[in-house]
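> when you get a sec, could you give me coordinates for this:
(chains A, B, C and D)
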There are 4 protein chains.
Amino acid sequence: MAKKRRAAQSSKKSGGGKTRPSAELNAVIDDLVIGNRILYVQNVVDSYGHISARHPHRPDRFLMSRARAPGLVVASDIMEFGLDGELIRPDERPIYSERFIHSEVYKVRPDVRAVVHSHSPTVVPFSVTQVPLRPIRAPFLYPEVPVFDTRASAGWTNLLISNAALGKALAQTLGNNSVALLRGHGNVVVAPSVRLAVYRAIYTEANARLLLQAKMLGGPITYLAPEEAALMEREQSRHRPGHGSDRTWEMWKQEALARTGKL
Amino acid sequence: MAKKRRAAQSSKKSGGGKTRPSAELNAVIDDLVIGNRILYVQNVVDSYGHISARHPHRPDRFLMSRARAPGLVVASDIMEFGLDGELIRPDERPIYSERFIHSEVYKVRPDVRAVVHSHSPTVVPFSVTQVPLRPIRAPFLYPEVPVFDTRASAGWTNLLISNAALGKALAQTLGNNSVALLRGHGNVVVAPSVRLAVYRAIYTEANARLLLQAKMLGGPITYLAPEEAALMEREQSRHRPGHGSDRTWEMWKQEALARTGKL
Amino acid sequence: MAKKRRAAQSSKKSGGGKTRPSAELNAVIDDLVIGNRILYVQNVVDSYGHISARHPHRPDRFLMSRARAPGLVVASDIMEFGLDGELIRPDERPIYSERFIHSEVYKVRPDVRAVVHSHSPTVVPFSVTQVPLRPIRAPFLYPEVPVFDTRASAGWTNLLISNAALGKALAQTLGNNSVALLRGHGNVVVAPSVRLAVYRAIYTEANARLLLQAKMLGGPITYLAPEEAALMEREQSRHRPGHGSDRTWEMWKQEALARTGKL
Amino acid sequence: MAKKRRAAQSSKKSGGGKTRPSAELNAVIDDLVIGNRILYVQNVVDSYGHISARHPHRPDRFLMSRARAPGLVVASDIMEFGLDGELIRPDERPIYSERFIHSEVYKVRPDVRAVVHSHSPTVVPFSVTQVPLRPIRAPFLYPEVPVFDTRASAGWTNLLISNAALGKALAQTLGNNSVALLRGHGNVVVAPSVRLAVYRAIYTEANARLLLQAKMLGGPITYLAPEEAALMEREQSRHRPGHGSDRTWEMWKQEALARTGKL
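Below you'll find the predicted structure:
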């Protein structure tokens, strides 16, 4: 297993000065690999999209797969990046051109330990209309879900967040929120852990479906109140075995491994 | 098998004073486990939601899984609860915080022998709009499908029915109906048996989809008449092999076990 | 295999006076079993719905499964019925209460050799609104798709076509069309062969989805012209290997057997 | 493997005058077979629809399966056609009646090396309404997505593009675009390679779903600008391992083979 993790070895010095991965780092890498698979099996990402985790021992670094479809990611695909989006160790394998989404968010949001970027299918329509993605059941959509448009920041582009300037502008639009939309493209979802980022990405899509259907029924909609959302978030932030994202992770992990094979 | 059922042994005294499960209790537990799996495979529950059964020998108790994703439930997860939501036997494993949905309904509805709580996806939009979930094909939606809003009963909450007072208020809103919606959250479905509760939960979702689509087509909708519903319900209440919920159970059970593994 | 077909042996007398199934009868039974599985796998039927075939040697009889979920039907489930819906041979197993849909259509439509009754999900919304199910791509929806309402024929019922009088009224509403809707319930699809009935049932659902989506886009819709439909139907009625329903049958059969197991 | 490719052997003369397939031809045939399976697994084609490739050594010829459901195609099904839609070598097996879609496009579009024809489900509604299929995320929908109506070109037909005249009229409507719709029928998608044609066919369907949902949300829609689309297309046209259609092909291929079996 150790040899599969050549890309992420900067964790701790062993007695003889050799680096070896810590248990904590291994746990983050495992979650990252499973998180890639879950996002694919739950239809949040297709062949594109990515998920990263802040390095557990080096907050100025983050971990992310080489450029690959999330449903295929294995531990040896995980690489280590600095906060300018640079590879920490030389590696010939292709890397995600949109890694600046991750690096620039980690720079300005010390509370964030995981970032998902996806083309979540029911979320994109909200990015090209005037209808805000407001919470019916997903409390982390408060305070708001801002929409970032590359056109406003940088004029004509290929919509990809493929440099630090665009990543910085996106991070500014995101502000202290948990989710931002990218016009005609997808979204970015942040959280204090990989498991919670996966959870939020999946329920952002679910909430978008609920809201679309409520719009189709017509008439006024009763949204989740900010006060209710705050109480829900307080509950979710306490880790309790068998509850919250712990319960979903067990189910999603089993589904993901059944569909995409061994780690 | 007996050892897998440590949590639900209060059924009958054997000669030597030891308790052992009765065949009837075993049958209810089997249905409960399969019902959990079916609700997951038929997309009525995701990782959340739960189903309970009134204890066949002790109407003041009910049976329900420990806090776990329904798609993963096995017989040894089934625990026994009293009608105040309390565990009958000490158990360290986590339990559903919303067990009061079940306990309070069993208290006031002696006709109810099974309760489903789910976040049934197409049902939630009806809980946040003014459009009533009326029957197109599901007769048990009569007399009506009331909407329970925690905000009206208890002000700002995290929306969970996590105490007896909220459970009681919900049970009052449910009244003598078979289905009630929980605003921004899901629904509760009750029935005289586990199999019928599963049946109703699945066809509540199906009816919601039909009604949403009919709304999208536009114009007046011909609902099921109360007189028709009464005749349909009379038919359904007679257990006939090969008909009604007996036919669906055989199919759903096979699908559920194929997708989620052995019991 | 012969012993699995005890219910449908009235075909031909062998030399010694014993009846044994003919190759033609076996072929119809095989198609009927596969057709049941296909309709289930293609989501036209759930645990309800049924498909029958006119007996190839006895036009006053038809073949249909015992009362069972279509996805589970095997050859030994196939029974033989007369045109009053009566069982030809004594059999203790439960039978479909709605067999009169089939018997009454076979009585008045000598051209029909197969009948499907389903609760095809996107078709039902058209049965409860004023929006006619007109053809975008399915030529057999001409001349029209009438809607049969039990309420108009028989007042308050449980909506099931569970006697000859209701079956007769439905057959009258169907007239010379290929598809009729049953209000709040489902549809009936008829064809000159089992394979074509399966084909039409699946493309009726597909056309309903197309029309629903076109309605959602808004504005005028260009329907298939009756002249175009006539040319398409002429093509389809010629059996050509690799074309028309021959091509779809090969695919659907493989999918159905992969999902539902051996015959 | 060589014997499985009897239909497509015109590639190169070996020393002794015998023809044998080149590596390049084999690669195109492999992509074509996998492309058939992918389009089926991704729900762009059902049992109908087809994909072809221009012959890599003979630009006046193209390769396409015999008339068969795309999900079942194997290498030995691939045949070679001339640009009048004629078979190059005698073959008794049935062929697609709509091969003229392919032949006529190859005639007038030297840049095109692969053609997909499908009944892509969410695309058809756009073919029968006045709502243009404009790009939200799919840059290759520029300059525009014209709608071809057989009725305008040829009056009453069975809608099939089953002769050279109809194919030519369709190719004229397509013009220099990448996608054209066929009224009440489906679409045609062209590209400089099989992989890109598959990619475009799948994202045409995805864009149609996004646009339908955006329409349902209501209000003005921010489309992709032509300037943005041009920058995106420039990016996509550079083949980069791990990026663009290279990344999707790896994922889709694995899914297709898992679902439809060995090549």
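> now the strands for chain A?
A:12-13, A:19-20, A:50-54, A:61-65, A:78-82, A:114-118, A:147-148, A:179-182, A:186-191 (DSSP state E).
> by contact count, what packs against the fourth one?
In other words, strand A:61-65. When contacts are defined as 3 or more C-beta pairs under 8 Å, 6 or more residues apart in numbering or on different chains; DSSP states H and E, strand A:61-65 sits against helix A:23-41, strand A:50-54, strand A:78-82, helix A:100-108. Where you see a C-beta, it was placed from the backbone N, CA and C, and this is true even at glycine.
> how far does that strand sit from the chain's center?
Distance of strand A:61-65 from the chain centroid (C-alpha atoms, centre = their mean, to the nearest Å) equals 12 Å.
> pull out the buried positions in it.
For strand A:61-65, burial by neighbour count (16 or more other C-beta atoms under 10 Å in any protein chain shown) applies to A:61-65.
> then the last one?
Under the neighbour-count criterion of 16+ other C-beta under 10 Å, strand A:186-191 has A:186-191 buried.
> pick the one among these closest to C:Met251.
Closest approach to C:Met251 among the buried residues of strand A:186-191 (C-beta to C-beta): A:Gly186, at 33.4 Å.
> what's the longest helix in chain A?
For chain A, the helix with the greatest residue count under DSSP state H is helix A:194-217.
> could you give the angle of that helix to strand A:50-54?
Helix A:194-217 runs at 140 degrees relative to strand A:50-54, counting by axes from the mean of the first three to the mean of the last three C-alpha atoms, to 10 degrees.
> helix A:194-217 to strand A:61-65, inter-axis angle?
Computed with the same axes, to 10 degrees, the direction of helix A:194-217 lies at 60 degrees from that of strand A:61-65.
> return the most buried member of the helices and strands packed on strand A:61-65.
Ranked by mean neighbour count, the helices and strands packed on strand A:61-65 are led by strand A:50-54 with a mean of 26 (mean count of other C-beta atoms under 10 Å in any protein chain shown).
> which strands or helices does it pack on?
In terms of contacts (3+ C-beta pairs under 8 Å, 6+ apart), strand A:50-54 is packed against helix A:23-41, strand A:61-65, helix A:100-108, strand A:114-118, helix A:194-217.
> so can I have a markdown table of these showing mean pLDDT and distance to D:Ser245?
Formatted as a markdown table, those follow (pLDDT from 0 to 100; distance: least, C-beta to C-beta, whole Å):
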| stretch | mean pLDDT | distance to D:Ser245 |
| --- | --- | --- |
| helix A:23-41 | 98 | 18 |
| strand A:61-65 | 98 | 18 |
| helix A:100-108 | 98 | 21 |
| strand A:114-118 | 98 | 19 |
| helix A:194-217 | 98 | 24 |
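> including distance to C:Gly242, could the ones you listed go into a markdown table?
Formatted as a markdown table, those follow (distance: least, C-beta to C-beta, whole Å):
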| stretch | distance to C:Gly242 |
| --- | --- |
| helix A:23-41 | 36 |
| strand A:61-65 | 44 |
| helix A:100-108 | 49 |
| strand A:114-118 | 41 |
| helix A:194-217 | 40 |
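> tell me which residue of the stretch 101-250 of chain A lies closest to chain B.
A:Gly242 (3.1 Å; C-beta to the nearest C-beta).
> phi first, then psi, for that residue.
phi 90, psi -10 (degrees, to the nearest 10).
> touching, it and B:Ser97? I think so.
No. Counting by C-beta atoms under 8 Å, B:Ser97 is not a contact partner of A:Gly242; they are 9.8 Å apart.
> compare the mean pLDDT across the strands of chain A and name the weakest.
Lowest mean pLDDT within the strands of chain A: strand A:12-13, at a mean of 44.
> and A:Arg89, how many neighbours?
Residues lying near A:Arg89 (other C-beta atoms under 10 Å in any protein chain shown) number 11.
> for A:His50, see how far away it is.
Going from A:Arg89 to A:His50 by C-beta to C-beta, to the nearest Å gives 19 Å.
> which of the residues in stretch A:127-136 are buried?
A:127-129, A:131, A:133-136.
> please see if it touches chain D.
Yes. Under the criterion of C-beta under 8 Å from any C-beta of the partner chain, chain D is reached by stretch A:127-136 at A:128-131.
> got the end-to-end distance for that stretch?
For stretch A:127-136, the first-to-last residue distance is 17 Å (C-alpha to C-alpha, to the nearest Å).
> cool, stretch A:42-54 as well?
Start-to-end span of stretch A:42-54 (C-alpha to C-alpha) is 23 Å.
> dump the buried residues of strand A:186-191 to JSON lines, plus distance to A:Gly71.
Below are the buried residues of strand A:186-191 laid out as JSON lines (distance: C-beta to C-beta, whole Å):
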{"residue": "A:Gly186", "distance to A:Gly71": "16"}
{"residue": "A:Asn187", "distance to A:Gly71": "19"}
{"residue": "A:Val188", "distance to A:Gly71": "20"}
{"residue": "A:Val189", "distance to A:Gly71": "18"}
{"residue": "A:Val190", "distance to A:Gly71": "22"}
{"residue": "A:Ala191", "distance to A:Gly71": "21"}
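> ok, these vs A:Lys168, which is closest?
Nearest to A:Lys168, judged by C-beta to C-beta, of the buried residues of strand A:186-191 is A:Val188 at 13.0 Å.
> do I have it right that that closest one meets A:Leu166?
No. At 11.9 Å, A:Val188 does not count as touching A:Leu166 under the criterion of C-beta under 8 Å.
> now A:Ala256. Nearest residue, chain neighbours left out?
A:Arg37 (3.9 Å; C-beta to C-beta, 6 or more residues apart in numbering or on different chains).
> can you redo the helices and strands packed on strand A:61-65 as TSV with distance to D:Val105?
Written out in TSV, the entries for those read as follows (distance: least, C-beta to C-beta, whole Å):
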stretch	distance to D:Val105
helix A:23-41	34
strand A:50-54	36
strand A:78-82	42
helix A:100-108	39
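> that older thread, the buried residues of strand A:186-191: which two are farthest apart?
Farthest pair in these, by C-beta to C-beta: A:Gly186 and A:Ala191, 16.5 Å.
> if I pick the one residue in the stretch 1-150 of chain A that gets nearest to chain D, what's in contact with it?
Closest contact between the stretch 1-150 of chain A and chain D, by C-beta to the nearest C-beta, is at A:Pro94 (3.1 Å). Taking C-beta atoms under 8 Å, 6 or more residues apart in numbering or on different chains as the contact definition, A:Pro94 lies against A:66-67, D:240-243.
> from what I can see A:Ala75 touches A:Ala27, true?
No. Between A:Ala75 and A:Ala27 there is no contact under C-beta under 8 Å: 11.7 Å.
> and the gap between the residue positioned nearest the centre of chain A and A:His102?
The centre of chain A sits closest to A:Val116, judged by C-alpha atoms, centre = their mean, with a distance of 1.5 Å. Per C-beta to C-beta, A:Val116 is found 9 Å from A:His102.
> residues contacting the residue nearest to A:Val105 when sequence neighbours are not counted?
Distance criterion C-beta to C-beta, 6+ apart; nearest residue to A:Val105, sequence neighbours excluded, is A:Ala171 at 4.9 Å. By C-beta under 8 Å, 6+ apart, the contact set of A:Ala171 is A:104-105, A:107-109.
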